[in-house]
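*Asks:* My questions are about this predicted structure, shown below with the sequence.
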Amino acid sequence: MGQLDILWEYQIFDMKMDKYNQMRKNIPLRYRLIELRDYLMKQQEQLIKYNDEADKKNNTLNRINHEYEIIANTFKADYNKIENTQVKTLKQLDEMHKTALELKEKLAKKEEELEALINDVQSLSTKLNEIRRNILKAKKEYSGIKSQYDQEVKKIQKEYQTLKAKRDDLRSKLSDSLIAKYNNLKNSRNTAVVKIENNCCGGCNMALAALVLEKLKQEGSIVECENCGRILYSGSSD
């Protein structure tokens, strides 16, 4: 068997391996896994975003509580002054009354702010719980599908490795220069070696010159199509 015959067999196994690679990429379960992966990533991003918002809400709550405590302490201090008869004049009492009204107004605003904050926190808590449920559900589905996908890939990989072993055995019988030419043609033309059909190139269908056909009959001759550059193969040279 000549180099060209071996290369032809090599290409057959190489193309079958490409087919199995494509089969692995096109397993329907793979696309669902990709969808779930992307979905989980987006949910994780949302979770981080809402957790950050929750931290900000918590800081706001601490601020309101601190301000509320200041107002309450001011009320208490003024009340203690009255209780301890520290207020001696009507002017002092009037000033304390004005202060009490201002504090009452501030207190009402703090209560409104607190109520709005509580509503925001409840809404945020609902969103966070929903995201966590969605993540758990998606992870469970991903785990189940991944197990099925791995089984299909394992089966394809086993057949792929069988083909690879046969192709690699042929590779050891081919010259490096011929393999390099084959790989370049495969990358640019998809098919590197083509059979001659009715004196035409099996790749581009162009008629071959009589000189090319005659050269193909020479033992060990590697002839390329003058039009598309593919390696021409006329059949077994044995």
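*Replies:* On my side now, so go ahead.
*Asks:* helices and strands around the longest helix along the chain, which ones?
*Replies:* Counting by DSSP state H, the longest helix found in the chain is helix 90-171. For helix 90-171, the elements it packs on are helix 3-25, helix 28-83, judged by 3 or more C-beta pairs under 8 Å, 6 or more residues apart in numbering; DSSP states H and E. Yep, even glycine has a C-beta here, placed from its N, CA and C like the rest.
*Asks:* Downstream of that helix, the next helix or strand is which one?
*Replies:* Using DSSP states H and E, the helix or strand that follows helix 90-171 towards the C-terminus is helix 176-189.
*Asks:* by contact count, what packs against that following helix?
*Replies:* In this structure, helix 176-189 makes packing contacts with helix 3-25, strand 231-233, judged by 3+ C-beta pairs under 8 Å, 6+ apart.
*Asks:* would a markdown table of those with distance to Asn51 be doable?
*Replies:* Formatted as a markdown table, these follow (distance: least, C-beta to C-beta, whole Å):
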| stretch | distance to Asn51 |
| --- | --- |
| helix 3-25 | 36 |
| strand 231-233 | 61 |
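*Asks:* Single out the most deeply packed of the ones you listed.
*Replies:* strand 231-233 (a mean of 22; mean count of other C-beta atoms under 10 Å).
*Asks:* Report the distance from that one to the chain centre.
*Replies:* 42 Å (C-alpha atoms, centre = their mean, to the nearest Å).
*Asks:* neighbours around Asn198, how many?
*Replies:* For Asn198, the neighbour count with other C-beta atoms under 10 Å is 8.
*Asks:* Sweet, I'm off.
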